[in-house]
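Colleague: here is my input, please return the structure:
(one chain, ligands or ions: 1)
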Amino acid sequence: MHHVNDKPAVATFEFRSYRRAFRRPIKTHYGIWKHREGIILKLSDHQGRIGFGEVAPLPWFGTETQSQAIAFCQRIPSRLSIGDDFSILPTLPACQFGFELAYRNLTKDIHCADLAIHHYSALLPTGEAALDAWSALWAMGHRTFKWKIGVAPVSVELAWLSQLMERLPLGAQLRLDANGGLCEIAAHHWLDRCDRLGHRIEFIEQPLPPNCFAELIKLTRRYQTPIALDESVTTLDQLKAHYYRGWRGIYVVKPAVLGSLNRLQQFCEDYSIDLVVSSVFETDIGRQALIDLAIELQNSSFSKPHRALGMGTQQWLPHDGLDDPDWEALWQQLE
Ligand SMILES: [Mg+2]
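Modeller: Okay, the predicted model is just below:
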């Protein structure tokens, strides 16, 4: 995966931005999210090779904004000499991911693997709507579902959870994502309930805010339901810091916002972490990078990701051609 022997190539650089309206706005603890904005990068070299990359910022996860990413791309010359070192971009993690990915795609033989659908978790609508929404996703083959919590009073949400668990077939797994939005008492209520449901709850994601590390550790000792960190580990440095401080629970890893894909992959190869590779609503270009990462880690690392990928997200996005596995066609959509 490392291209240290490749001489820096001279490439032509182009970029095009996109804006996609979610079919239904996404409700989270942060508020309502209506549009996914990002940038597609294209590198072409004199050998006729092409590499596409994607910048998919998530400012409330600490990345640059879309306009900061565009301003950065505008400063890149249209002809440039390019290698695989984009460490100049630590304050622009989404760009760092995008440029590394474009370079990888330029220099590797294209292989577009896909996984069977049960390897992807599917995002349910927030709140009561989840009670009916799971069945179409189950029929498509999904077996792992994710449901955002922490958006209504605990007692109301726990009642919905009971109804949902009555309806979900055995064999379905549920992930709960609080986006750091529970207070300690609410977290105890949720974990206590989840423990009673046995292993049908795969994990609770980020029950408490990122600054509650000691409390999160306490929760892992007190309850059997596993806890995953997401907002706590939005950069690779934070992920490493939590590992070294002793977090042995689950890590939700969103490569598109984490920064360097190469350094992330290296860390997961060197250390055994229990990770969920997760999407931030990328186009097919970013999505494929996550699948490739999961497959490569499965083959050659200590961290063998065995959990469903957090990316059953396509049903939330419009049929606008940006999920096209033909990336040249995808690119042409953006003219
Ligand atoms: Mg999350």
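Colleague: what's the burial count for the closest residue to the ion within the stretch 51-200 of the chain?
Modeller: Of the stretch 51-200 of the chain, the residue with the smallest distance to the ion, taken as Cβ to the ion, is Asp177 at 4.3 Å. For the C-beta atoms, the positions are set from N, CA and C on the backbone; glycine is no exception. Using other Cβ atoms under 10 Å, Asp177 has 26 neighbouring residues.
Colleague: let's see the pLDDT reported for it.
Modeller: At Asp177, the predicted lDDT confidence score is 95.
Colleague: who touches it in this structure?
Modeller: Residues near Asp177 by Cβ atoms under 8 Å, 6 or more residues apart in numbering: 146-149, 204-206, 230.
Colleague: quick one: which of those residues is nearest Asp270?
Modeller: Asp230 (21.8 Å; Cβ to Cβ).
Colleague: how about that closest one, phi and psi?
Modeller: Backbone geometry at Asp230, expressed as degrees, to the nearest 10, gives phi -130, psi -70.
Colleague: and it, how many neighbours does it have?
Modeller: Residues lying near Asp230 (other Cβ under 10 Å) number 22.
Colleague: could you look up the SS state of the residue nearest to it when sequence neighbours are not counted?
Modeller: The shortest distance from Asp230 to any non-neighbouring residue, by Cβ to Cβ, 6 or more residues apart in numbering, is to Val252 (3.9 Å). Under the three-state scheme (DSSP: H, G, I helix; E, B strand; the rest coil), Val252 adopts strand.
Colleague: surely Val252 and Phe203 touch.
Modeller: No - contact between Val252 and Phe203 fails when scored by Cβ atoms under 8 Å: they sit 9.1 Å apart.
Colleague: that older thread, the residue nearest to Asp230 and Asp292, how far apart?
Modeller: Distance, Val252 to Asp292, using Cβ to Cβ, to the nearest Å: 18 Å.
Colleague: cool, Val277 as well?
Modeller: Taking Cβ to Cβ as the measure, Val277 falls 10 Å from Asp292.
Colleague: between these two, tell me which one has more neighbours.
Modeller: Set side by side, Val277 and Asp292 show unequal neighbour counts under other Cβ under 10 Å, the larger going to Val277 at 24 against 20.
Colleague: next up, the contacts around the more buried one.
Modeller: Counting by Cβ under 8 Å, 6+ apart, Val277 makes contact with 253, 255, 290, 293-294, 297, 305, 309-311.
Colleague: bridged to it, which residues?
Modeller: Legend: beta-bridge partners of Val277 under DSSP bridges are Val253.
Colleague: can you pull out the helices in the chain?
Modeller: Shown for the chain, the helices assigned by DSSP state H span residues 66-75, 93-107, 130-140, 154-167, 184-196, 213-222, 236-244, 255-258, 261-270, 284-299, 327-332.
Colleague: select, out of those, the one closest to Arg16.
Modeller: Taking Cβ to Cβ, helix 327-332 is the member of the helices of the chain nearest to Arg16, at 6.8 Å.
Colleague: of the contacts of Asp177, which is the nearest to Gly31?
Modeller: Of all the contacts of Asp177, Lys148 has the smallest distance to Gly31: 11.9 Å, by Cβ to Cβ.
Colleague: look up the closest residue to the closest one, ignoring the ones flanking it.
Modeller: Here the nearest residue to Lys148 in space, its sequence neighbours aside, is Thr126; by Cβ to Cβ, 6+ apart that works out to 4.4 Å.
Colleague: thought that neighbour was touching Lys27?
Modeller: Yes - with contacts defined as Cβ under 8 Å, Thr126 counts as touching Lys27 at a distance of 4.2 Å.
Colleague: those two: which has the busier surroundings?
Modeller: Comparing Thr126 with Lys27 by other Cβ under 10 Å, the one with more neighbours is Thr126, at 22 against 16.
Colleague: contacting residues for that one?
Modeller: For Thr126, the contact set (Cβ under 8 Å, 6+ apart) comprises 26-28, 147-148, 151.
Colleague: columns distance to Ser44 on top of these, output as CSV?
Modeller: CSV is the format used below for these (distance: Cβ to Cβ, whole Å):
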residue, distance to Ser44
Ile26, 35
Lys27, 40
Thr28, 38
Trp147, 43
Lys148, 40
Val151, 45
